[in-house]
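Engineer: what follows is a predicted structure for the sequence shown.
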Amino acid sequence: MSVRKRGLSRQTNRVVKEHSTTDQDLIRQLRGPRREQERAFAELYARHAQRVYAYILRMLGERAASQDLLQETFLKFYNAARGDLVVTNTRAFLIMIARNLCLNFERNARPNVSIDAMEFPIVDDTVERNDLTRILNLALELLDFDHREAFVLKYYQGYSYEEMSRMTGETVAALRNRVWRAKEEIRRALKPYAKELGITDERSSRDDRSSKRDDRSSRKQP
Amino acid sequence: MTYQKLIHDYLAGELSQEEEEKLFDGLSRHAEWREEMQLQLQMERAMEQDLHSVTVPPNATGAVFASLGFRRPAKWSQRARMSDHPFRGAAIARWPARSMILSGLAGMMLVAGSAYFFLPSHEVAKSPRAIAHSMNVPGIGAGKEALPGTRGNDRIAEHGVRNSSMHSAFAVRHSPIAALPMPKPAGIANSDSSKAVTPPSMPDEPLRYYSDFGNLYSVHYLTPQKIIGVSYRGQIFISEDSGHTWAPKQSGVSADLFGIHFFDRTYGIAVGAQGTIVRTSDAGESWRTVASGTTATLSTVRFITPDTAYICGDAGVMLRSTTGGTSWELLRTGIHANLFRMEFRNGMEGDVYGANDAHIATTDGGRTWNSIQ
């Protein structure tokens, strides 16, 4: 079986190699004197803020609200880390805090749209390759929370299904299904632009036509 | 199982041997399978790029530290200026110190003398007269939303941030102005936000609002009067009167152009989306496409000598030409960050900067790169 490795374990290993002080050391320092706290917090923030902010931003799609939730996430993290809580995976812990805040925000801020009832607006008559990200993000915003979350955790954060399951409390099978359904919907949004995005090319269509001809001719043979 | 799901599972590394054989057979026979594979791969690539292009806004970082009563570390202040500036590509150019060019998407950079002013997008949406008016208010930025920038450091403007749906939305809604000429400034007191700044005086004649050609992503002065700018969908504009009027030129390409540089008054190169490179040998009157060997978005181009030029772009792409821009070789940088700015001291030694504080350096003309922490 060919396995395309991606995800947390590789990233975590790299982080550990890059930083001589582990996250756990830094979290312990958050319980120390003020100056030590400041230094430790700044380092933890430098290590994880970008990923956490990317998660929140892609979950909410709103810059201002994302910035508020980033602040709230790190506040909660700081308060929790100063207690007796044992944090083994800092980023996952931060993402879990951010996730709960995003959930609350979603409940209060906007109604969920069923994934089946989604309609994607026409963005423009023509698009270019660099618009792919824009369409992707637009499509992502239109997914309901559960599907968007599964998709973001998988593709934007690189977590394995097992890690996602621990973070969300959902079964691996349910998460697999959500990721695929979300991807299907996003694909559906991208399809009309496939040609403009350079995904369809005449050569491959020609190959396909000749392949179909080959199929037909081989079927005719006794 | 549909072939789309088959491809999805393959990319996730979850196919059995038998399913994998079925997939490969289908891929060899059907164009739509291959197109689907291409689509899903492009989606994954776009998401990865998107993830790396997201930067934490400096004010958000400031708010986090302030809420805990912590001082914001100095390196974050620096990072904020280096990576969060809402400009795309090299969006600034100067001829004499008194000239001013503004460009960008979500906002504009006004340059006068050695001080910079940044106007947020809603200011840009106003008419030029309104901008001129706001410029004439002493202390622009102090207590207002326009922010004084940093003194005499045009590195800042060359650091672009290129994600952001805000940019696109803004481009559609406002089609902002590109360049304004500016006479001798009345005087720039300083760029310290705590002190009043005396803005330069604006010209008496009405300023023109070039909304018909949208954004100029990058401009280059050939002379104090002659300016060349690049814009979206391959548009190139030339002004012969310091930016008062602009004439469109045919670039022969339809991709967005983000960077432009001339070695002298004759030879120049413009670069843009989808690996686009165009070259002129007649001061921008006509342009020819040059093969780049990449489809990545190219942001910035710089001539080092008449023969040697470098281009940087998305996904860590760096190109080098030793033939005056007529042919290009792809350099291996070993990073995937979007690169925006280059500083080459000569044909061999240079530094390249990009999103998320990416900084790589070479001392052998780009053959090898070291990541600078």
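Structural biologist: Received, thanks. Numbering: from 1, shown residues only, chains lettered A, B, ... in the order given.
Engineer: drop to CA atoms for contacts and neighbour counts, all remaining ones
Structural biologist: Noted.
Engineer: now do the contacts for residue B:323.
Structural biologist: By Cα atoms under 8 Å, 6 or more residues apart in numbering or on different chains, the contact set of residue B:323 is B:307-308.
Engineer: also the one 10 residues further on?
Structural biologist: Neighbouring residues of residue B:333 by Cα under 8 Å, 6+ apart: B:316-318, B:360, B:366, B:368-369.
Engineer: lowest pLDDT pick from the residues you listed?
Structural biologist: Minimum pLDDT for those is recorded at residue B:366 (80).
Engineer: that residue: neighbour count?
Structural biologist: Residues contacting residue B:366 under the criterion other Cα atoms under 10 Å in any protein chain shown number 22.
Engineer: for the stretch 201-350 of chain B, what are the low-confidence residue spans?
Structural biologist: B:201-217, B:224-225, B:241-246 (pLDDT under 70).
Engineer: which bits of it sit near chain A?
Structural biologist: Counting by Cα under 8 Å from any Cα of the partner chain, the residues of the stretch 201-350 of chain B close to chain A are B:255, B:273-274, B:297.
Engineer: quick one: the helices in the chain, in order.
Structural biologist: Just so you know, I chose chain A. Using DSSP state H, the helices of chain A run over A:8-18, A:23-29, A:34-60, A:63-81, A:90-109, A:132-141, A:145-151, A:161-168, A:172-190, A:202-220.
Engineer: ah, no, chain B please
Structural biologist: Listed in chain order, the helices of chain B (DSSP H) span B:3-11, B:17-29, B:31-53, B:58-67, B:74-83, B:121-124, B:128-136, B:155-158, B:165-174.
Engineer: those: lowest mean pLDDT?
Structural biologist: Sorting these by mean pLDDT places helix B:165-174 lowest, at a mean of 20.
Engineer: OK, now which residue of chain B is nearest to chain A?
Structural biologist: The minimum distance from chain B to chain A, using Cα to the nearest Cα, falls at residue B:13 (3.9 Å).
Engineer: can you give me the neighbour number for that residue?
Structural biologist: If you count neighbours by other Cα under 10 Å, residue B:13 ends up with 16.
Engineer: now swap in residue A:187 and tell me
Structural biologist: Residue A:187: 19 surrounding residues under other Cα under 10 Å.
Engineer: got the contact list for residue B:347?
Structural biologist: B:304-305, B:308, B:365.
Engineer: kindly recompute the last result at 10 Å.
Structural biologist: Residue B:347 makes contact with B:303-305, B:307-310, B:320, B:322, B:363-366, according to Cα atoms under 10 Å, 6 or more residues apart in numbering or on different chains.
Engineer: max pairwise distance over these: which two?
Structural biologist: With Cα to Cα as the measure, no two of the contacts of residue B:347 lie farther apart than B:307 and B:363, at 17.9 Å.
Engineer: tell me which of those two has more neighbours.
Structural biologist: residue B:363 (17 against 14).
Engineer: is it true that the more buried one touches residue B:352?
Structural biologist: No. Look at residue B:363 against residue B:352 with Cα atoms under 10 Å: they stay out of range, at 11.8 Å.
Engineer: shared neighbours of those two, which are they?
Structural biologist: B:344, B:369.
Engineer: quick check: pLDDT value at residue 86.
Structural biologist: With no chain named, the answer covers chain A. If you check residue A:86, the pLDDT there is 76.
Engineer: try again with chain B
Structural biologist: Taking residue B:86 on its own, its pLDDT is 30.
Engineer: where in chain A is pLDDT low?
Structural biologist: Checking chain A against pLDDT under 70 turns up A:1-20, A:109-131, A:194-222.
Engineer: doesn't residue B:351 make contact with residue B:343?
Structural biologist: Yes. Contact criterion Cα under 10 Å: residue B:343 and residue B:351 qualify, at 5.1 Å.
Engineer: can you pull the residues that touch both of the two?
Structural biologist: Common neighbours of residue B:343 and residue B:351 (Cα under 10 Å, 6+ apart) are residue B:361.
Engineer: quick one, which of these two is more surrounded?
Structural biologist: Applying other Cα under 10 Å to residue B:343 and residue B:351 shows that residue B:351 carries more neighbours, namely 19 against 15.
Engineer: ok, now how distant is that one from residue B:321?
Structural biologist: In this structure, residue B:351 and residue B:321 are 17 Å apart, going by Cα to Cα, to the nearest Å.
Engineer: circling back to that earlier point, just send the residues of the stretch 201-350 of chain B next to chain A back as JSON lines, with neighbour count too.
Structural biologist: Shown next, in JSON lines, are those (neighbours: other Cα atoms under 10 Å in any protein chain shown):
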{"residue": "B:255", "neighbour count": "23"}
{"residue": "B:273", "neighbour count": "25"}
{"residue": "B:274", "neighbour count": "21"}
{"residue": "B:297", "neighbour count": "25"}
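Engineer: can stretch A:174-181 be said to contact chain B?
Structural biologist: Yes. Stretch A:174-181 comes into contact with chain B (Cα under 10 Å from any Cα of the partner chain), by way of A:176, A:179-181.
Engineer: please name the bridge partners of residue B:360.
Structural biologist: When assigned by DSSP bridges, residue B:360 has beta-bridge partners residue B:352, residue B:371.
Engineer: coming back round to it: what's the closest of the helices of chain A to residue B:72?
Structural biologist: Here helix A:34-60 is closest among these (Cα to Cα), at 7.9 Å.
Engineer: residue A:187 contacts residue A:132, correct?
Structural biologist: No. In this structure residue A:187 lies outside contact range of residue A:132 using Cα under 10 Å: 11.1 Å.
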